[in-house]
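1. dropping the sequence and predicted coords here.
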Amino acid sequence: MTEVSHQQWGQVCGRGAVDLWVLTSPQVRVEVLTLGAIIRSVCSRGSDGQMQDVVLGYDDLEGYLSDQRYLGAVVGRVANRIAGGRFVVDGKDYQLDINNGPNALHGGLLGFNKAIWFAKAVEGGVQLSHTSPDGDQGYPGEVHVSVTYTLQGETLTAEYQAVSSKTTPINLTNHSYFNLAGQGAADIYDHQMSISAESFLPVDNSMIPTGEIKAVEGTPFDLRKPVLIGPRLKEVPGPGFDHNFCLSSPGDTWAERHAARVSHPASGRVLEVSTSQPGVQFYTANFLDGVTGKGGAKYGKHSSFCLETQNWPDAVNQPSFPDCLLCPGEKYLHVTRFTFTTV
Ligand code: BGC
């Protein structure tokens, strides 16, 4: 049985109130903000029975309004990068704002993470909806989008839906940063990581997939069996993991699959992720550089990890990648589940 409650959390000048929703099951407590459909906290029990907050975030609304790292937020209209911020749909060229080197990242300067979503209670959770107007951040079509967070026992489910008035690329995810040790832990080096992927997408020097779908076998990206992340990070070229792992192949049917399992032996906490999406961006917080978070904590490089379930980055420009176009009359559906248990 999940209890659901809400209260006002703050006001954004000229834009209205931001509410905090609280979902409480016997095992897990989740806080969600109507700003950016942000997961503000997830408290789960360790083997000793102690509840700890296992996601990064800020103490107040100001922190989330000025955030540049997408802590806990739903990102869209298109998560991850679009090369040059450019694409062609129905023979028409589109140019998005460039906000990450030469590329467009996570929906643009004012993406879904900065919108105030409309919230309504549903059984065991909250449904957040948002309307993105035609031309929003350069994207075609008016998009009606919703994300429904429900909590059942140990499992937090995020269910995304969208419809559009014109054909548009779409790729929604949640950008929570996890550390299963709880608040104040400096890094994730003592976490054991596994990802159910036979292949991953190598990237160029602006982080756009090269187009190659590379087998993980014989590379540091082979996480099919659990590995201790600290030593493995030293083998990865560049600052850490920031790659799409392929959970299925282009053309595979829409089906929910196991994506990842992370365990933290010292606390006994385990996170399992499953998703209907064909990929997951495993990101080891390589670009966090001392952001001040909850309780004054400093979030640095490798302080946390993200498992952003998604379509493959730059799919709109890469015909061999899974289709990311949402046409009028179609419905975008995406389900991701996060399950918090102990070893
Ligand atoms: C990207 C990173 C980026 C981070 C925060 C991740 O999804 O892959 O490169 O720094 O989001 O914006």
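-> On my side now, so go ahead. Numbers count the residues shown, from 1 in each chain.
2. give me every residue that touches G124.
-> Listed by Cβ atoms under 8 Å, 6 or more residues apart in numbering, the contact set of G124 reads T2, V4, L23, T150, L151, Q152. In this view, the C-beta of every residue, glycine as well, is placed from N, C-alpha and C.
3. a strand runs through the second one, doesn't it?
-> Yep, that's V4 we're talking about. Yes. Judged by DSSP: H, G, I helix; E, B strand; the rest coil, V4 forms part of a strand.
4. how about the contacts of G124 in a markdown table, adding pLDDT?
-> A markdown table is the format used below for the contacts of G124 (pLDDT from 0 to 100):
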| residue | pLDDT |
| --- | --- |
| T2 | 98 |
| V4 | 98 |
| L23 | 98 |
| T150 | 98 |
| L151 | 98 |
| Q152 | 98 |
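5. among those, which one has the most neighbours?
-> The most crowded member of these is L151, carrying 26 neighbours; neighbours defined as other Cβ atoms under 10 Å.
6. that one sits in which helix or strand?
-> Taking DSSP states H and E as the criterion, the element that holds L151 is strand 143-152.
7. what of F338?
-> Residue-wise, F338 maps onto strand 332-342 under DSSP H and E.
8. now swap in R232 and tell me
-> Secondary-structure element containing R232, defined by DSSP H and E: helix 229-233.
9. tell me the average confidence for that helix?
-> Mean pLDDT, helix 229-233: 98.
10. how close does V30 get to Y64?
-> Computed as Cβ to Cβ, to the nearest Å, the V30 to Y64 distance reads 16 Å.
11. do the same with T253
-> As it turns out, when the distance is counted by Cβ to Cβ, T253 lies 37 Å from Y64.
12. looking at those two, which has the bigger crowd around it?
-> Set T253 next to Y64 and count neighbours by other Cβ under 10 Å: Y64 wins out with 24 against 6.
13. so the more buried one, which state does it fall into?
-> helix.
14. thought it was touching Y70?
-> No. Proximity of Y64 to Y70 does not meet the contact threshold set by Cβ atoms under 8 Å, at 10.1 Å.
15. now E330, nearest residue through space, not along the chain?
-> The shortest distance from E330 to any non-neighbouring residue, by Cβ to Cβ, 6 or more residues apart in numbering, is to V163 (7.3 Å).
16. quickly run through the sheet partners of the host helix or strand of the one you found, with directions.
-> In the assignment (DSSP H and E), V163 maps to strand 155-164. Sheet pairing here is set by DSSP bridges, and for strand 155-164 it gives strand 143-152 (antiparallel), strand 332-342 (antiparallel).
17. can I get those in TSV including distance to the ligand?
-> Conversion of those to TSV gives the following (distance: least, Cβ to the nearest ligand atom, whole Å):
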stretch	distance to the ligand
strand 143-152	17
strand 332-342	15
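18. what parts of the stretch 151-300 of the chain come near the ligand?
-> With Cβ under 6 Å from any ligand atom as the criterion, the stretch 151-300 of the chain meets the ligand at residues M207, D242, Q281, Y283, F287.
19. quick check, the second one in contact with I208.
-> No. Judged on Cβ under 8 Å, D242 makes no contact with I208 at a distance of 11.9 Å.
20. who has more neighbours out of these two?
-> Neighbours were tallied for D242 and for I208 using other Cβ under 10 Å; the higher tally belongs to I208 (21 against 18).
21. look up how far the ligand lies from the nearest residue to the more buried one once chain neighbours are set aside.
-> Taking Cβ to Cβ, 6+ apart, and ignoring the residues beside it in sequence, I208 has A83 as its nearest neighbour in space, at 4.6 Å. Separation of A83 from the ligand (Cβ to the nearest ligand atom, to the nearest Å): 14 Å.
22. and A83, how many neighbours does it have?
-> 19.
23. returning to that earlier point: what do D242 and I208 both touch?
-> Shared contacts of D242 and I208 (Cβ under 8 Å, 6+ apart): none.
24. all helices for this structure, in order.
-> In order along the chain, the chain carries the following helices (DSSP state H): 61-66, 229-233.
25. show me the contacts for the nearest residue to Y149 once chain neighbours are set aside.
-> By the measure of Cβ to Cβ, 6+ apart, the closest residue to Y149 outside its immediate chain neighbours is G125, 4.9 Å from it. Contact criterion Cβ under 8 Å, 6+ apart gives T2, V4, L23, T148, Y149, T150, L151, T157 as the residues in contact with G125.
26. end to end, how far does stretch 230-242 reach?
-> Using Cα to Cα, to the nearest Å, the end-to-end distance of stretch 230-242 comes to 15 Å.
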